[in-house]
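Fold the following.
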Amino acid sequence: MNIAIELKNLKDSKISNIAITINKVVRILKQMNTDAPPIRKMRDEEVFNALWSSYDSVKYQVIEVLNTMEKSDETETCFNFISSVDEDDADSDEHMKNEDE
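Just a heads-up that it's a prediction; the model follows:
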């Protein structure tokens, strides 16, 4: 019996949290005064830039972390791998452009 009550309370709590979050999002969207959708599917080029080529991409964030870590064989291997992919970026950029055409 106690498990059933706990599960119901957990479910109710999650539903309540979702409702609170939706209310916050609606309030922020109203403050923004825009008709643009807050979320949209990114184009392939945008995904590539976010993950790999722009200055604030995941790749550069990883490089920053690796640079702050104590040097070891493992961090050096990771850094070399990420850096070596830079050489392939030009090929990837060209491939992306060809797919768009």
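
which stretches of this protein form helices?
Assigned by DSSP state H, the chain shows helices spanning 2-32, 44-48, 58-68, 73-100.

Quick one: low-confidence residue ranges for the chain.
For the chain, the stretches with pLDDT under 70 are 1, 86-101.

how does this protein divide into domains?
Structural domains of the chain, as assigned by automatic domain parsing, span the residue ranges 1-39, 44-100.

So what's the residue count around the nearest residue to Leu29 once chain neighbours are set aside?
Spatial nearest neighbour of Leu29, excluding adjacent residues (Cβ to Cβ, 6 or more residues apart in numbering): Pro38 at 6.1 Å. C-betas here are computed from N, CA, C, even on glycine. Other residues within reach of Pro38, judged by other Cβ atoms under 10 Å, total 9.

Just send the helices of the chain back as JSON lines, with mean neighbour count too.
As requested, the helices of the chain are exported to JSON lines (neighbours: other Cβ atoms under 10 Å):
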{"stretch": "helix 2-32", "mean neighbour count": "10"}
{"stretch": "helix 44-48", "mean neighbour count": "13"}
{"stretch": "helix 58-68", "mean neighbour count": "13"}
{"stretch": "helix 73-100", "mean neighbour count": "11"}
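
OK, contacts around Ile82?
Residues near Ile82 by Cβ atoms under 8 Å, 6 or more residues apart in numbering: 59, 62-63, 66.
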